[in-house]
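K.L.:
Coordinates for the following, if possible.
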Amino acid sequence: MRCAEERDAMSLAALMSEAISRRLASWPVPYTPVMALDRISGVRMAAAERRSLPLIVERRADGAVMGWISISRAPGAPETGLITYWLGEGFHGHGYMREAAPAAMREAFALMDIQRLRAAVQGDNAPSLAVVRLLGMAPMGEGRIWCPARGRDEPCLWFELPREQALLGQTAGAEVTP
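P.N.:
Okay, here's the model as predicted:
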């Protein structure tokens, strides 16, 4: 994993399919390289202010961009980080997110001084539910989330991991090289 850069825009746009977009709140289709450049620019500015951790998930073997993990401070609750994550369809089922998500979580707690990490997951999204379980996140209950990609509120399940629990090593994870 590494911080998102302008050079990633074409790859991110190419990976964003209808199947991926329907699981994400703010990645519409079609997703263009210009849209990706705008996102990268914005999150890099936020990262410089320690409000965001925008990460590209890339394959070690060949550097192929596989997906995205972002942890951003929640609006109105700067002590809370919100994690979003996705992989392009061709990279599903290989354990990449199992390795990347715990490393991203550790980096967010180390760099952003957040007190908790939260995730909003669609109730029928089994792979995403597996990621929150892997991270050791506890269910908070049902809720709703604004999805600008579709212009509507949508139901979701909320999960949370307090900093203390993460720092005590109660979450799973693998080492990731920078």
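K.L.:
Which strands and helices lie in contact with the host helix or strand of residue 119?
P.N.:
If you go by DSSP states H and E, residue 119 is part of strand 116-121. Using 3 or more Cβ pairs under 8 Å, 6 or more residues apart in numbering; DSSP states H and E, the elements in contact with strand 116-121 are strand 77-87, helix 96-112, helix 126-134, strand 138-147, strand 152-162, helix 163-167. C-beta: built from backbone N, CA, C; applies to glycine.
K.L.:
mind saving the C-alpha coords of that strand as CSV?
P.N.:
Extracted in CSV, the C-alpha atoms of strand 116-121 (Å, rounded to 0.1, in the frame of the first residue of the first chain):
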residue,chain,number,x,y,z
ARG,A,116,-12.2,4.9,17.0
LEU,A,117,-12.7,3.5,13.5
ARG,A,118,-16.1,3.0,12.0
ALA,A,119,-17.4,1.3,8.8
ALA,A,120,-20.8,1.4,7.1
VAL,A,121,-21.5,-1.9,5.3
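K.L.:
Next, the angle strand 152-162 makes with it.
P.N.:
For strand 116-121 against strand 152-162, the angle by axes from the mean of the first three to the mean of the last three Cα atoms, to 10 degrees is 140 degrees.
K.L.:
Can you list the strands that strand 116-121 pairs with?
P.N.:
Paired strands of strand 116-121, with direction, are strand 77-87 (parallel), strand 152-162 (antiparallel) (DSSP bridges).
K.L.:
For burial, what's the neighbour tally of the nearest residue to residue 79 once chain neighbours are set aside?
P.N.:
Nearest residue to residue 79, sequence neighbours excluded (Cβ to Cβ, 6 or more residues apart in numbering): residue 115, at 4.2 Å. Residue 115: 14 surrounding residues under other Cβ atoms under 10 Å.
K.L.:
Please tell me I have it right and residue 115 contacts residue 161.
P.N.:
No: at 10.3 Å, residue 115 does not count as touching residue 161 under the criterion of Cβ atoms under 8 Å.
K.L.:
Flag the shaky bits of the protein, pLDDT-wise.
P.N.:
Under the criterion of pLDDT under 70, the regions of the chain flagged as low confidence span 169-178.
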